[in-house]
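Asks: could you look at this predicted model? Sequence included:
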Amino acid sequence: MSKQRIYLDHAATSYPKANGVLEAMDHFARSCGATAGRGGYTSARTADQVVAKLRQKLAEFVGAESSSCISFHASGTAALNAAIQSTLRPGDHVVTTAAEHNSVLRPLHHLQKHNDVKLTIVPVDSDGLVDVAEVLAATTSKTRLVAVTSASNVTGCVEPIAEIGQRLKDRSAIFLCDAAQTLGVLPIDVTAMGIDLLAAPGHKGMGAPAGTAMLYANQSLHEVMQPIIQGGTGSQSESLDMPEQMPAKMEAGNLNIPALAGWLAAAESLNSDELERRRIYHGELAALLYDGLRQVDGVTLFGQTGPLPIASMAINGMDVGDLSMILDSDFSIETRSGYHCAALIHSHIGSSAGGTLRMSAGSTTTRQDIETAIDAVKVISTKMQEFSQL
């Protein structure tokens, strides 16, 4: 077996980063180093340009009405918290699903406990797929927010976001989509899909550095959204109140400009042709991964083949944490085990007892990487079966 490092945790973050990312970060840090929105000198204007270019690029990438609809945040979790907490008030009703990441579930649970927010959680099937009809049935005239992930980070199941968004158009609820697993991998058009709020990190599918995330907010929400962090914005500094305009009202504090410079480099290399190439390639990797694991005796798969190369599995009779450690120590294959920060999905897909071993590929994963990982699972599963027969 190969001992070359094989990284299969792309659902957590991308590695290696997209071409030009590290160089752009290094260049900005060494040649500029200024912060954005805080000065009129030359290097400060350079920082402003980085932010403005990336904001415009991402607005175009997701089909936003204007670059002012895009605000930057330190993580996908921070962006989701901003979306949730800036729009909800005591007494509001929220609909979400059991497929959600804890970045959605925990803020909503907290607001349910402490802010009198009413919460309805729609179940998912054994693959992690939510039924559109059940989401709509849970949505009432009093529903303020509907929050659905674009894809499960556990099974890779892609949710029917466009159908939900279109069906919600004639209702008053705000539609929030967590696009952590799909931004930079699958096409997103917030207008066509009926999405009002979309949160996503830059460091996963787009290959940007950690510490990068975006929140898209439809222009109709700009006045009603309230900042959840107060502080300096570099504008209207004579006032004790936060600016009322977007995106400044959502961006208190200095932005991580070196990381945003890296994200800009990644975004500039991701045109429509490259996105289509990635979509096709990720689908091919997904089929290779699922088909290979499905043929291994003693392996239980959670979920079905889809467009994303995210597979959750277990070897019968073996702790998934032990499996992950052996893959790492004996085969140099890096995976994740456990519940994957998704508290509710496991009772629906049958993995409540310890969670799953997750393999997740990305744009830099090769077919040989997948085949090597499958061979390693075969070796471990065979030894496990032999041991169980002693």
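Replies: Received it, and whenever you're ready, just let me know what you need. Residues are numbered from 1 along each chain as shown.

Asks: mind listing the helices for this structure?
Replies: 21-31, 42-62, 76-87, 102-114, 132-138, 161-168, 257-268, 272-294, 320-331, 346-349, 367-388 (DSSP state H).

Asks: distance to Gly205 and mean pLDDT added to these, as TSV?
Replies: (C-beta placed from N, C-alpha, C; glycine too.) Listed next are those as TSV, based on distance: least, C-beta to C-beta, whole Å; pLDDT from 0 to 100:
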stretch	distance to Gly205	mean pLDDT
helix 21-31	13	97
helix 42-62	11	97
helix 76-87	11	98
helix 102-114	16	98
helix 132-138	24	98
helix 161-168	15	98
helix 257-268	10	98
helix 272-294	8	97
helix 320-331	23	98
helix 346-349	23	98
helix 367-388	17	94
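
Asks: would you format these as TSV with mean neighbour count and distance to Pro227 included?
Replies: As requested, the helices of the chain are exported to TSV (neighbours: other C-beta atoms under 10 Å; distance: least, C-beta to C-beta, whole Å):
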stretch	mean neighbour count	distance to Pro227
helix 21-31	17	27
helix 42-62	18	18
helix 76-87	24	7
helix 102-114	18	15
helix 132-138	16	29
helix 161-168	19	25
helix 257-268	25	20
helix 272-294	17	32
helix 320-331	17	40
helix 346-349	20	35
helix 367-388	17	43
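
Asks: what does stretch 99-115 contact?
Replies: 76-77, 80-81, 84-85, 88, 90, 94, 96, 117-119, 124, 128-130, 147-149, 152-154, 157, 159, 176, 178, 180, 341-345 (C-beta atoms under 8 Å, 6 or more residues apart in numbering).

Asks: please name the nearest non-neighbouring residue to Arg55.
Replies: Ser67 (4.4 Å; C-beta to C-beta, 6 or more residues apart in numbering).

Asks: picking up where we left off before, okay if I get the helices of the chain as CSV plus distance to Pro209?
Replies: As requested, the helices of the chain are exported to CSV (distance: least, C-beta to C-beta, whole Å):
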stretch, distance to Pro209
helix 21-31, 6
helix 42-62, 12
helix 76-87, 13
helix 102-114, 19
helix 132-138, 34
helix 161-168, 26
helix 257-268, 5
helix 272-294, 19
helix 320-331, 24
helix 346-349, 30
helix 367-388, 22
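
Asks: quick one: closest of those to Val185.
Replies: helix 272-294 (5.6 Å; C-beta to C-beta).

Asks: give the other helices and strands that the closest one contacts.
Replies: Contacts defined by 3 or more C-beta pairs under 8 Å, 6 or more residues apart in numbering; DSSP states H and E place helix 272-294 against strand 299-302, strand 310-315, helix 367-388.

Asks: pull the contacting residues for the residue nearest to Arg55.
Replies: So Ser67 contacts 52, 55-56, 58-59 (C-beta under 8 Å, 6+ apart).

Asks: for Asp319, state which of those residues is nearest.
Replies: Leu58 (40.8 Å).

Asks: from Gly33, how far off is the closest one?
Replies: The gap separating Leu58 from Gly33 is 23 Å, by C-beta to C-beta, to the nearest Å.

Asks: likewise for Leu308?
Replies: Applying C-beta to C-beta to Leu308 and Gly33 gives a distance of 37 Å.

Asks: ok, the two, which is more surrounded?
Replies: Leu308 (29 against 12; other C-beta atoms under 10 Å).

Asks: so that one touches Gly156, yeah?
Replies: Yes: counting by C-beta atoms under 8 Å, Leu308 touches Gly156, with 4.0 Å between them.

Asks: can you give me the strands for the stretch 101-250 of the chain?
Replies: For the stretch 101-250 of the chain, the strands defined by DSSP state E, counting those that start in this stretch occupy 118-122, 143-149, 174-178, 197-201, 213-217.

Asks: list the contacts of the third one.
Replies: With C-beta under 8 Å, 6+ apart as the test, strand 174-178 has contacts from 76, 80, 83-84, 87, 100-101, 103-104, 144-150, 161, 164-165, 168, 193-200, 221.

Asks: give me the distance between the residue nearest to Ala12 when sequence neighbours are not counted and Gln385.
Replies: Excluding its sequence neighbours, the residue lying closest to Ala12 (C-beta to C-beta, 6+ apart) is Arg336, at 6.1 Å. Look at Arg336 and Gln385: by C-beta to C-beta, they are 24 Å apart.

Asks: circling back to that earlier point, now the helices and strands packed on helix 272-294 in JSON lines, with distance to Ala217?
Replies: Shown next, in JSON lines, are these (distance: least, C-beta to C-beta, whole Å):
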{"stretch": "strand 299-302", "distance to Ala217": "34"}
{"stretch": "strand 310-315", "distance to Ala217": "28"}
{"stretch": "helix 367-388", "distance to Ala217": "38"}
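
Asks: out of these, flag the one nearest Ser269.
Replies: Nearest to Ser269, of all these, is helix 367-388, at 21.6 Å by C-beta to C-beta.

Asks: no further queries at this time; thank you.
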